[in-house]
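Participant: Give me a model of this one.
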Amino acid sequence: MTKRDYYEVLGVPRNASEREIKRAYRKLARKYHPDVNPGDPTAEAKFKEVNEAYEVLSDPGKRRQYDQFGHQPFASAPTEGTGPGFGSDFGPFADFARGGFGDIGDLFSDILGGQPRATTAPQKGEDLHYSVDLNFEDAIRGLSPEITVQKHGPCEVCQGSGAAVGSAPQSCPDCGGSGRRQVSRGILSMASPCPRCQGSGRVILKPCQSCGGRGLVYRTEQLKVKIPPGVDTGSRIRLAGMGEAGRNGGPPGDLYVTTRVQPHPLLERKGDNIYLTIPITITEATLGARVEVPTVDGMATMVIPPGTSSGRVLRLRGKGVPHLKGSGRGDQYVTVKVVVPQNLDERSQQLLREFARLNPMDPRRDLKT
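Facilitator: Below is the predicted model:
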């Protein structure tokens with residue numbers, strides 16, 4: 001039976017990026033997963049096909065092999081040449097024999113004793129990235145919200161082995177479990193990863209129906225993230241080991257949570273300090289007063305000294321943002337703006353004229369030449 005092109009299976013172009021391939025796989029895996037389509041053989045077949053395509057295209061080494069040789073390196077049995085010369089299929093030397101030369105650097109590296117690229121080394125899982133929106137107060141006080149994360153994890157049915165229940169991965173019969181095969185073409189000899197087991201030395205004869213033999217399943221998890229007080233837009237929190245599962249026994253990746261803080265209608269943050277502008281009356285500015293002002297901790301009392309001019313900046317110590325590194329907090333700076341009454345009755349105007357007569361002053365005297 002002719003296999004479909006793996007790029008066609010995932011619905012991506014041949015020059016698709018790793019991110020595009022992963023996005024397409026996740027979408028199709030959710031669509032055809034056996035849990036979503038119980039008892040549907042067509043969906044089950046599609047699910048296996050999607051997993052098979054992703055298994056190859058998500059691995060850079062396997063993808064290079066596929067792009068160069070097609071499905072042949074991943075067939076159940078390799079095709080050898082027919083004699084000391086070249087048969088109809090030149091295997092690893094195909095492009096070289098046709099004049100295309102393939103990757104000559106890799107070719108002569110192997111001829112001169114270079115080792116084939118390892119495909120079984122433990123690989124750390126990919127890191128995941130998540131964004132969370134916070135209001136102004138929560139970012140300063142800190143909180144522990146729950147987030148929903150979609151990622152791959154070990155299959156619970158096969159315990160991550162990829163083999164059906166009651167079976168186990170077997171030693172590859174083509175390479176004897178070594179993961180490598182010696183391919184001879186006349187005077188040339190090259191050690192290359194075994195096409196059947198992809199260099200792992202093991203094959204799965206009975207793949208797990210739940211994960212399609214990959215040993216991993218796509219799942220949704222609820223995680224509680226502890227966001228410390230004082231974060232700002234762009235702050236990043238690392239949850240070690242909460243990313244994608246590792247490959248070949250490698251450790252899982254990490255989960256990075258980036259915060260986005262919504263602006264406050266009155267307060268403005270600059271670094272670890274808070275800024276606010278408040279209006280005060282002429283009487284409060286002249287005689288002094290105690291006024292209530294908003295802070296991140298609620299309303300606080302601030303003293304307006306007598307004779308305060310418009311534009312003066314007053315400080316509330318320790319009412320700013322907690323320091324992310326170290327102890328203590330920033331301050332809150334309050335700029336006062338004296339509001340002049342727009343409509344005065346006759347009596348008020350008379351009192352102001354009397355005030356001016358009793359308190360003569362020339363605020364523009366320094367401007368005179």
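
Participant: which residues touch the helix ranked longest in the chain?
Facilitator: Among the elements of the chain assigned as helix by DSSP state H, the one spanning the most residues is helix 41-57. By CB atoms under 8 Å, 6 or more residues apart in numbering, the residues outside helix 41-57 that reach it are 4, 6-7, 9-10, 21-22, 25, 28-29, 31-34, 36-37, 62-63, 66, 74, 207, 209, 211-214. From N, CA and C alone the C-beta is placed, and that goes for glycine too.

Participant: Buried subset of these as a PyMOL selection?
Facilitator: For the buried members of the contacts of helix 41-57, the matching PyMOL selection, counting by 16 or more other CB atoms under 10 Å, is:
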select buried, resi 6+7+9+10+21+22+25+28+29+32+33+34+62+63+66+74+207+211+212+213+214
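
Participant: Ala24 sits in which helix or strand?
Facilitator: Mapping Ala24 onto the secondary structure by DSSP states H and E places it in helix 18-32.

Participant: Next, the angle from that helix to helix 41-57.
Facilitator: Calculated by axes from the mean of the first three to the mean of the last three CA atoms, to 10 degrees, helix 18-32 forms an angle of 160 degrees with helix 41-57.

Participant: And for helix 18-32, what's in contact with it?
Facilitator: 10-12, 16, 36, 43-44, 46-47, 50-51, 53-54, 57-58, 150, 218.

Participant: Among these, the buried ones, what's the PyMOL command?
Facilitator: Isolation of the buried members of those (16+ other CB under 10 Å) is achieved in PyMOL through the command below:
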select buried, resi 10+12+16+43+44+46+47+50+51+53+54+57+58
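
Participant: Report the residue spans of the stretch 1-150 of the chain with pLDDT below the cut-off.
Facilitator: 1-2, 75-120 (pLDDT under 70).

Participant: Quickly find the element holding the residue nearest to the spatial centre of the chain.
Facilitator: Closest residue to the average C-alpha location of the chain: His129 at 1.7 Å, with CA atoms, centre = their mean. Mapping His129 onto the secondary structure by DSSP H and E places it in strand 128-134.

Participant: Summarise which helices and strands the following helix or strand past that strand is packed against.
Facilitator: Towards the C-terminus, the helix or strand next in line after strand 128-134, according to DSSP H and E, is helix 136-141. The contact analysis (3 or more CB pairs under 8 Å, 6 or more residues apart in numbering; DSSP states H and E) places helix 136-141 against strand 255-261.

Participant: Give the burial count for the closest residue to the residue nearest to the centre of the chain other than its chain neighbours, as a bare number.
Facilitator: Nearest residue to His129, sequence neighbours excluded (CB to CB, 6 or more residues apart in numbering): Tyr256, at 5.1 Å. Residues lying near Tyr256 (other CB atoms under 10 Å) number 16.

Participant: and Tyr256, bridged to which residues?
Facilitator: Judged by DSSP bridges, the bridge partners of Tyr256 are His129, Arg238.

Participant: which residues does the residue nearest to Gln65 when sequence neighbours are not counted contact?
Facilitator: Once its chain neighbours are removed from consideration, Gln65 has its nearest residue in Pro73; the separation is 4.7 Å (CB to CB, 6+ apart). Contacts for Pro73 were tallied using CB under 8 Å, 6+ apart; they are 65-66, 195.

Participant: So which of those residues are in helices?
Facilitator: Filtering the contacts of Pro73 for membership in helices, criterion DSSP H, returns 65-66.

Participant: can you list the contacts of Pro73 in JSON lines and add distance to Glu284?
Facilitator: Listed next are the contacts of Pro73 as JSON lines, based on distance: CB to CB, whole Å:
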{"residue": "Gln65", "distance to Glu284": "79"}
{"residue": "Tyr66", "distance to Glu284": "77"}
{"residue": "Pro195", "distance to Glu284": "85"}
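
Participant: Run through the helices of the stretch 51-200 of the chain in chain order.
Facilitator: When secondary structure is read from DSSP state H, counting those that start in this stretch, the stretch 51-200 of the chain shows helices at 60-69, 94-98, 104-111, 136-141.

Participant: cool, the stretch 251-369 of the chain as well?
Facilitator: If DSSP H, counting those that start in this stretch is used as the criterion, the helices of the stretch 251-369 of the chain fall at 282-287, 346-358.

Participant: Deepest in the core, which of these is it.
Facilitator: helix 282-287 (a mean of 15; mean count of other CB atoms under 10 Å).

Participant: now that helix: how far from the chain's centre is it?
Facilitator: Offset of helix 282-287 from its chain centre (CA atoms, centre = their mean, to the nearest Å): 54 Å.

Participant: counting contacts, what elements does that helix pack onto?
Facilitator: strand 332-339.

Participant: could I have the strand it packs on exported to CSV, CA atoms only?
Facilitator: Extracted C-alpha coordinates of strand 332-339, given in CSV (Å, rounded to 0.1, in the frame of the first residue of the first chain):
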residue,chain,number,x,y,z
GLN,A,332,4.5,56.5,46.1
TYR,A,333,5.0,60.0,44.8
VAL,A,334,2.0,62.4,44.8
THR,A,335,1.9,65.5,42.7
VAL,A,336,-0.6,68.1,43.9
LYS,A,337,-2.6,70.4,41.6
VAL,A,338,-4.2,73.5,43.1
VAL,A,339,-7.7,73.9,41.7
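
Participant: Okay, now the sheet partners of that strand, with direction.
Facilitator: Partners of strand 332-339, by DSSP bridges, with direction: strand 273-281 (parallel), strand 313-316 (antiparallel).
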